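Student: The sequence and its predicted three-dimensional model are supplied below.
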Number of protein chains: 2
Amino acid sequence: MNPPYARIADLSAHAGQSVRVRGWVTHLRSSGKVAFIVMRDGSGTLQCVLVKSSVPADTWELFDQLTQETTIEVTGEVRTDARAAGGFELGITALELIGSSPIDYPIQPKEHGIDFLLDHRHLWLRSGRQRAIARVRHETEQAMRDFFYERDFTLVDTPILTAAIGERSGLFATEYFDEGTAYLAQTGQLYGEAAAAALGKIYCFGPTFRAEKSKTRRHLSEFWMIEPEVAFNDSNDNMNLQEEFVSYVVQRVLERKKPELDELERDTSRLETVVGPFPRIDYTDAIKILESKGSDAKWGDDLGAEDESLLVEGHDRPVFIYNYPKEAKAFYMKENPADPRTVLCDDLLAPEGYGEIIGGSQREDDYDKLLKRIHEEGLPVDAYGWYLDLRKYGTFVHSGFGLGLERTVSWICGLPHLREAIAFPRMMNRLRP
Amino acid sequence: MNPPYARIADLSAHAGQSVRVRGWVTHLRSSGKVAFIVMRDGSGTLQCVLVKSSVPADTWELFDQLTQETTIEVTGEVRTDARAAGGFELGITALELIGSSPIDYPIQPKEHGIDFLLDHRHLWLRSGRQRAIARVRHETEQAMRDFFYERDFTLVDTPILTAAIGERSGLFATEYFDEGTAYLAQTGQLYGEAAAAALGKIYCFGPTFRAEKSKTRRHLSEFWMIEPEVAFNDSNDNMNLQEEFVSYVVQRVLERKKPELDELERDTSRLETVVGPFPRIDYTDAIKILESKGSDAKWGDDLGAEDESLLVEGHDRPVFIYNYPKEAKAFYMKENPADPRTVLCDDLLAPEGYGEIIGGSQREDDYDKLLKRIHEEGLPVDAYGWYLDLRKYGTFVHSGFGLGLERTVSWICGLPHLREAIAFPRMMNRLRP
């Protein structure tokens, strides 16, 4: 009878037993009498030991046919080895070659240029670093969904194909049957507001699109965004929710994905401090701070990446900047009754120079003021009729925010560029593979 | 001091106490001395009792200003009432009108045509039936994600904007900077296969798109699909996984969303039987069954909706039909070694006539056979170079499937049409709101 199949991550349940493991070769070395095969199976990495004197001659000879990425099945005994990654090694009794791999495998253990790596993203994903990022990303997403599930929010999947949208520039367009042009959604928020009136607390979480010709390390043309919307939350409640949410997510990833963060050489002490309350700086005060630091930011400006870095300087957790000038922000944000030049909104800036990860606001719930803003922005009133209806039939205080997933994953992983935070990044010069 | 705010779903923690509740009026009636306000807040429905002799005159008079959908805040005592929905009613001591609602609210307690309802989808979502569907959908999605999370699959978000795609007809296209035309993904599978070689067990779950001019109750132009892909799973393992997955999801929704299914008048006894193993019928046998039932389906045909209904007749759980003719299925499916006219694939048909909810297959892992199929289908080989690489560098047996979320939610909820299974459905004549 053949030994059972086991995943590398589950070997502790098989210590001292024989198992079969399937996966891909990552490293090979041989002394002539003992050979070592390091393999991965997606769940972990395992060193397998092949001893010439202990196996049939054809098994030993098979070793010479192995290359990086060869698919193999190994049979052997699971041996405890404190020095090994994962704590186990495998003493090979049988070896089978399932799929060969030519020696021209593109990704070698040397430095490659970023364009080359992105051209081979389907293979680059197999590297240890990229696998670690993928696992951290998954944990981040599951933590986000669990956070809202546990708090009785209802998930509402908002549409990608839309006729009316939140922000007007940088749209991808497609012909939609006989209905004219459809645009790929830049946000689910407006739909989320409609759903909040039905379900109270909702969130959406899906891909969003920006056809902007920006080539910075902070922009993708397709990225995932999570957007909660809560009936009867004001701007202050909204910041409380963001604080609780970001703390929960970061602490959970730290707790469950420490090996992956270590693989990425992330200084996790910089994440341990990410616990609310977060500092909250009024926009007007922020401008004063910037002036004192020599920035030429003036009241009325939106804040650029450099200004954001100056504002989080010296803080060991994210920082809110709240109540920006109306002109710097979107039409749907609620006018601040205490200072109508401003709106009730916030940006949450991540520490270590990672910049804005959240934009949030209380929404304008006054029909006339919202209509006026739509006119001022030159938006097509017809397309926003349904959105205005939310202020006509039982208007309500409500607030929400959007958190960019790739920016958050980059921050948690300590990545210099968003492009590694998603499996197949889309940028203005990158649509393949 | 004002009483605390409470959500209707949480009132059991406040029995006998005073609370404030915010929400929207759904029904009103008055005897002249006692008035009843039924309200909803997204978490539940609550009957509030206003007694003329117990409140100030202006509070009593405010009742006359209320209409369906008026936003209100009520203060009062939480009283146990076995007859009430949720088990509580509120004895009003104070009432505040937050947002009025004109009496022309479009959705009245009467029959409306489907086009009218879809035109007012942003308001229709507020009805009890639509709220129940939204909650069942959320539970379904969270159960799906939890199933894979608990089994150590890694979530991989595959791209929407693609240059190469799995199936060639019915594509939405958009200009992509200087890179030419991008197409909206119809599946994440091909990308999922690349990720399976890196991470072993993966899934993707996101919106997918079909620009097909189909007007059936079983098609949307934008729908969500969950697609796991598992290294070293063969077609039989793949069916086992589908069986375990579908059973898990249906039983969890039954367990946690019984009140919502009751609201939808779903016969839940038809869901209780959805536990594996599911019947598995070879395609060739299925054709014989169809012939015996008078269908004119012939060997070689794909199966239509009517044939699917005939095949599940008499079964109280989903039914697999497996190993279809090659010509009826996609190019990436693995040729069946036992009968090369067929491929190693399956469709999973839901009971009660809900039809196909899953399509799955073992993938062709032979480089030469896959290349031949790509040529036969007239697909651009260049665009599939990266996909062929997965067969070049360490090929591996692997299988996966795609489950359509809206079809599954429709089945679980007992809906006659997919359009109610998503918040803002997109069909060939429907892009708004």
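Tutor: Ah, there it is.

Student: quick check: domain ranges of chain A?
Tutor: Taking automatic domain parsing as the domain assignment, the ranges for chain A are A:8-99, A:121-421.

Student: Residue A:2: which of those is closest?
Tutor: Nearest of these to residue A:2, taken as C-beta to C-beta: domain A:8-99 at 6.5 Å. Any C-beta I mention is one placed from the backbone N, CA and C, and that applies to glycine too.

Student: now the closest one, how far from the centre of its chain.
Tutor: Relative to the chain's own centre, domain A:8-99 is displaced by 34 Å; criterion: C-alpha atoms, centre = their mean, to the nearest Å.

Student: what's the answer for stretch A:281-290, then?
Tutor: Relative to its parent chain, stretch A:281-290 has a centroid offset of 29 Å by C-alpha atoms, centre = their mean.

Student: returning to what we had before: would you format the domains of chain A as a markdown table with distance to residue B:240, mean neighbour count and mean pLDDT included?
Tutor: As requested, the domains of chain A are arranged in a markdown table below (distance: least, C-beta to C-beta, whole Å; neighbours: other C-beta atoms under 10 Å in any protein chain shown; pLDDT from 0 to 100):
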| stretch | distance to residue B:240 | mean neighbour count | mean pLDDT |
| --- | --- | --- | --- |
| domain A:8-99 | 17 | 17 | 96 |
| domain A:121-421 | 23 | 20 | 96 |
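
Student: Output those domains as CSV; include the columns distance to residue B:14.
Tutor: Compiled in CSV, the domains of chain A are given as follows (distance: least, C-beta to C-beta, whole Å):
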stretch, distance to residue B:14
domain A:8-99, 46
domain A:121-421, 16
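
Student: nearest to residue B:364, of the ones you listed?
Tutor: Closest approach to residue B:364 among the domains of chain A (C-beta to C-beta): domain A:8-99, 13.0 Å.

Student: The closest one near chain B anywhere?
Tutor: Yes: using C-beta under 8 Å from any C-beta of the partner chain, domain A:8-99 comes into contact with chain B via A:9, A:22-25, A:41-43, A:69-71, A:98-99.

Student: Please identify which of those residues is nearest to residue A:221.
Tutor: Distances from residue A:221 to the residues of domain A:8-99 next to chain B, taken as C-beta to C-beta, are shortest for residue A:42 (28.8 Å).

Student: Does the closest one touch residue B:230 like I think?
Tutor: No: if you go by C-beta atoms under 8 Å, residue A:42 and residue B:230 don't touch, sitting 9.5 Å apart.

Student: can you list residues touching both of these two?
Tutor: B:196, B:200-201 (C-beta atoms under 8 Å, 6 or more residues apart in numbering or on different chains).

Student: show me which of these neighbour chain A.
Tutor: With C-beta under 8 Å from any C-beta as the criterion, the shared contacts of residue A:42 and residue B:230 include B:196, B:200-201 near chain A.

Student: Which of those fall in helices?
Tutor: Among these, the ones falling in helices (DSSP state H) are residue B:196.

Student: and of the ones next to chain A among the shared contacts of residue A:42 and residue B:230, the nearest to residue B:190?
Tutor: Using C-beta to C-beta, these come closest to residue B:190 at residue B:196, 10.8 Å.

Student: Report the secondary structure state of residue A:204.
Tutor: What DSSP: H, G, I helix; E, B strand; the rest coil gives for residue A:204 is strand.

Student: So what pairs up with it in the strands?
Tutor: Note on residue A:204: beta-bridge partners by DSSP bridges are residue A:227.

Student: Give me the helices and strands touching the helix or strand where residue A:400 lies, please.
Tutor: Using DSSP states H and E, residue A:400 sits within strand A:398-404. In terms of contacts (3 or more C-beta pairs under 8 Å, 6 or more residues apart in numbering or on different chains; DSSP states H and E), strand A:398-404 is packed against helix A:189-199, strand A:222-231, helix A:235-256, strand A:355-362.

Student: C-terminal to that strand, which secondary structure element comes first?
Tutor: Sequence order places helix A:405-413 as the next helix or strand after strand A:398-404, per DSSP H and E.

Student: Relative to the whole chain's centre, how far out is stretch A:342-349?
Tutor: Taking C-alpha atoms, centre = their mean, one finds stretch A:342-349 lying 22 Å from the centre of the chain it belongs to.

Student: got a list of contacts for that stretch?
Tutor: Outside stretch A:342-349, the residues that touch it by C-beta under 8 Å, 6+ apart are A:234-235, A:238-239, A:242, A:246, A:278, A:280, A:283, A:303, A:308, A:311-312, A:318-326, A:329, A:333-336, A:355-362, A:399, A:401.

Student: do that again at 7 Å, thanks
Tutor: Residues outside stretch A:342-349 that contact it (C-beta atoms under 7 Å, 6 or more residues apart in numbering or on different chains): A:235, A:239, A:242, A:246, A:283, A:308, A:311-312, A:318-326, A:329, A:333-336, A:355-362.

Student: ok, now stretch A:153-167?
Tutor: Outside stretch A:153-167, the residues touching it (C-beta under 7 Å, 6+ apart) are A:171, A:176, A:182-192, A:195, A:199, A:201-204, A:206-207, A:228, A:330, A:383-384, B:134-135, B:138, B:141, B:207, B:222, B:224, B:422-424, B:426, B:431-432.

Student: Helices of the stretch 1-150 of chain A, residue ranges please.
Tutor: Ranges of helices in the stretch 1-150 of chain A, per DSSP state H, counting those that start in this stretch, are A:57-62, A:114-119, A:121-124, A:128-150.

Student: Tell me which of those approaches residue B:31 most closely.
Tutor: The nearest among these, by C-beta to C-beta, is helix A:128-150 at 41.9 Å.

Student: Give me the distance between the closest one and the centre of its chain.
Tutor: Counting by C-alpha atoms, centre = their mean, helix A:128-150 is centred 8 Å from the centre of its parent chain.

Student: give the contact list for whichever residue of the stretch 51-200 of chain A sits closest to chain B.
Tutor: Residue nearest to chain B within the stretch 51-200 of chain A: residue A:200 (2.1 Å; C-beta to the nearest C-beta). Residue A:200 sits next to A:231, B:41-43 when contact means C-beta under 7 Å, 6+ apart.

Student: switch the cut-off to 10 Å
Tutor: A:152-154, A:229-232, A:396, A:398, B:7-9, B:22-24, B:40-44, B:131 (C-beta atoms under 10 Å, 6 or more residues apart in numbering or on different chains).

Student: Strands - which of those land there?
Tutor: A:154, A:229-231, A:398, B:22-24, B:40 (DSSP state E).

Student: Just the CA trace of the strand or helix carrying residue A:349, in CSV.
Tutor: Here residue A:349, judged by DSSP H and E, is contained in strand A:345-350. Only the C-alpha atoms of strand A:345-350 are listed here, as CSV (Å, rounded to 0.1, in the frame of the first residue of the first chain):
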residue,chain,number,x,y,z
CYS,A,345,-14.2,64.2,5.7
ASP,A,346,-10.9,62.5,6.5
ASP,A,347,-7.9,61.0,5.0
LEU,A,348,-6.0,58.3,6.9
LEU,A,349,-2.3,58.4,6.3
ALA,A,350,-0.2,55.3,7.0
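
Student: tell me how far it is from the chain's mean position?
Tutor: Chain-centre distance of strand A:345-350: 17 Å, with C-alpha atoms, centre = their mean.

Student: Which residue is the nearest non-sequential neighbour of residue A:43?
Tutor: residue A:9 (3.6 Å; C-beta to C-beta, 6 or more residues apart in numbering or on different chains).

Student: Test my guess that the one you found contacts residue B:151.
Tutor: No: the pair residue A:9 and residue B:151 does not pass the contact test of C-beta atoms under 10 Å, sitting 11.5 Å apart.

Student: which one is residue A:122 nearest to, not counting chain neighbours?
Tutor: Residue A:122 sits nearest to residue B:194 (C-beta to C-beta, 6+ apart), 3.9 Å away.
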